[in-house]
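Chemist: Predicted model and sequence below, questions to follow.
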Amino acid sequence: MPGTLLNLRDVSLGYDTCVVLAHLSFTVVCGECLALVGPNGAGKTTLLRGLLGLIPVLAGQIEYGFDRSTSPPGYVPQRDTLDPIFPLSVFEVVLMGTYGRLALLRPVGRRQRQLAADCLERVGLADLANRPFWALSGGQKQRVLIARALAVEPSILLLDEPTAGVDPGAATTIMDLVARLNRDQGLTVVLVSHHLRLVRALVHSVVWVEDGCASKGATEVMLAPERIMEIFGPLRGTE
Amino acid sequence: MNTFIEILSPDFLLREALIGSVLVGCLCPLIGVYFVLRRMIFLGVALPQVSAAGIALAFLTYRMFVGQHQHYVPSERWLAMLGSLSCTLVGLLVLAALARYRETVEARIGITYAIAAAATLLFLAMDPAAEAHMVNLLKGDILATTGPSLTLMAGVFGAVALLLMVFRKEFLLVSFDRDLAVVFGKSAGLWDGLLYLMIGITISLGVMTAGPIVTFGFLVIPPLTARIITRRMLTFSLTAAGLGAITAFAGFYCAYRFDLPLGPAEVALASLVLASVAVTRGLSRVLGRWQAA
């Protein structure tokens, strides 16, 4: 299908031989903003890792509408997975994103440095370029990781819980940034989130992950208040 | 001052030992940077001991299957190198293969150290020809460094340093964010393997030249010192290597000047530098907070 960036055909994903998600079939088209949502432990991160090629596909097939070797996707991990012991400046972390398109033995040059600086500018953190990465707040770190993903010059951005553990103000800033990248620059976005209220305002479509299966639908249907209420109860439904 | 001029003189009797000492002091921290960043510091204790066990095993095996080896000949050093390198690499591969079971990592490293230390002594005891000379070889005898062994060490260390510099971005990426490296299509296992190979070579040569204590000391102490005072990766690596080289030189000077054992003098000096830097940093932070308040 033209304009399709991801096409999952009867895919099963898991670890070793243990299947976590089975019979997944959906597509992600160019310019789409999609959220992977569902209860804790349902397999949202497993699905994201499968899309990234970090875990093997146990059955079925994932077709990519881009060449992953020459044009890798932009990946924003949960910031807690990165060890603060590394003495890296904000700029060095963003520069790492440019390694994705650099050939072996090819050093980082002026173009890569300019690209990293531009990406920091796009997330509004240009003035923090020389600060140590570990000294930033949770929200700032997350924006730096988004800048790093942009430095890959990706056709699709995949984010794992970008608002986890950040204060509400920072969460809104991060989601606004993601919305802007999708709306103004046409960047395709796939994100895992628990933050249903923010997600509802941002994404076009939702993949609901639960009980080893996943189903895709429009946001207004998948995240309708009555459906959320039914699944999570009245308190969680307003999150 | 006279001693300082004497050890810098081209005719200095222990010139090879001095250069060897500085080379170990420079390269061990360059590799040790990855021990600190990957939180593998305890591995730095175990691997030099595994390397020492490998030397003892090589001599025992030679004696059992070939015959008595001769002391103070070049082939003895090659035999020690072979034993040290092969055991270090096997130890590294086994530990790396088990690395994904993170909950037992400290226990595994502790067990490795205990087994290697016990095996070293057992192999020595089983070899009736084991003498004080062998013990020197196990502990590292930097004063016995010769011109050819120095040339070999300089060549190998130079190659390791060059590889670390050339593949800096790959090693950093795989160490800092392994998932991103895989997303970028890098073979994380291959880069880990190359790094482990260089670690194995450096430790083997370091142990043979300066012994397990000095090798471990320089693998860990200068990088920890540099970590306190640097904020960027490149300056971190270069500062660690520079601190190691300077400490090794100063340690050599102190040992020669005050007739101290060389290895312990170098490690003690490196520790003193670490303590001074940590205390100074702590005081400056307290002072900063006090001024801000």
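Modeler: Alright, I've got the coordinates.
Chemist: ok, which stretches of chain A are helices?
Modeler: For chain A, the helices defined by DSSP state H occupy A:44-52, A:90-95, A:110-122, A:138-150, A:168-185, A:196-202, A:219-222, A:225-232, A:234-237.
Chemist: How about residues contacting the first one?
Modeler: So the one you mean is helix A:44-52. A:6, A:11, A:13-15, A:20-21, A:24, A:36-38, A:55, A:57, A:62, A:73, A:75, A:158, A:160-161, A:190, A:192, A:207, A:209, A:214, B:179, B:182-183 (CB atoms under 8 Å, 6 or more residues apart in numbering or on different chains). Quick note: C-beta positions are derived from backbone N, CA and C, even for glycine.
Chemist: Just the buried ones from those, in PyMOL syntax?
Modeler: In PyMOL syntax, the buried subset of the contacts of helix A:44-52 is picked out as below (16 or more other CB atoms under 10 Å in any protein chain shown):
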select buried, (chain A and resi 6+11+13+14+20+21+24+36+37+38+55+57+73+75+158+160+161+190+192+207+209+214) or (chain B and resi 179+182+183)
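Chemist: Tell me if I'm right that B:A53 and B:T120 touch.
Modeler: Yes - because the distance of 4.4 Å satisfies CB atoms under 8 Å, B:A53 is recorded as touching B:T120.
Chemist: quick one: which of the two has more around it?
Modeler: B:A53 (27 against 22; other CB atoms under 10 Å in any protein chain shown).
Chemist: Can you point out the helix or strand that includes that one?
Modeler: If you go by DSSP states H and E, B:A53 is part of helix B:41-65.
Chemist: Please list the residues outside the next helix-or-strand element following that helix that contact it.
Modeler: Where DSSP H and E defines the elements, the next helix or strand beyond helix B:41-65 is helix B:74-97. The contact list for helix B:74-97, computed with CB under 8 Å, 6+ apart, reads B:43, B:46-47, B:50-59, B:61-62, B:69-70, B:108-109, B:112, B:116, B:137, B:148-149, B:192, B:196-197, B:199-201, B:203-205, B:207-208.
Chemist: Sort out which residues of helix B:74-97 are buried, please.
Modeler: B:76-77, B:79-89, B:91-92, B:95-96.
Chemist: Let me see the mean pLDDT of it.
Modeler: Mean pLDDT, helix B:74-97: 83.
Chemist: Give me the distance between the two termini of stretch A:128-143.
Modeler: 11 Å (CA to CA, to the nearest Å).
Chemist: Would you pull up how far that stretch lies from the middle of the chain?
Modeler: Relative to the chain's own centre, stretch A:128-143 is displaced by 18 Å; criterion: CA atoms, centre = their mean, to the nearest Å.
Chemist: Relative to B:R38, how far out is A:L54?
Modeler: 19 Å (CB to CB, to the nearest Å).
Chemist: And B:L173, by the same measure?
Modeler: 13 Å.
Chemist: cool, and B:T104?
Modeler: 17 Å.
Chemist: rewinding a little: export the helices of chain A to JSON lines and append columns for mean neighbour count and mean pLDDT.
Modeler: Below are those laid out as JSON lines (neighbours: other CB atoms under 10 Å in any protein chain shown; pLDDT from 0 to 100):
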{"stretch": "helix A:44-52", "mean neighbour count": "23", "mean pLDDT": "94"}
{"stretch": "helix A:90-95", "mean neighbour count": "25", "mean pLDDT": "96"}
{"stretch": "helix A:110-122", "mean neighbour count": "17", "mean pLDDT": "95"}
{"stretch": "helix A:138-150", "mean neighbour count": "25", "mean pLDDT": "95"}
{"stretch": "helix A:168-185", "mean neighbour count": "17", "mean pLDDT": "91"}
{"stretch": "helix A:196-202", "mean neighbour count": "19", "mean pLDDT": "85"}
{"stretch": "helix A:219-222", "mean neighbour count": "15", "mean pLDDT": "88"}
{"stretch": "helix A:225-232", "mean neighbour count": "13", "mean pLDDT": "76"}
{"stretch": "helix A:234-237", "mean neighbour count": "12", "mean pLDDT": "50"}
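Chemist: looking at these, which is closest to B:E266?
Modeler: Counting by CB to CB, B:E266 lies closest to helix A:90-95 out of the helices of chain A; the figure is 31.7 Å.
Chemist: For chain B, see how far away the spatially most central residue of chain A is.
Modeler: With distances taken as CA atoms, centre = their mean, the residue of chain A nearest its centroid is A:L159 (1.4 Å). Distance of A:L159 to chain B, given as CB to the nearest CB, to the nearest Å: 13 Å.
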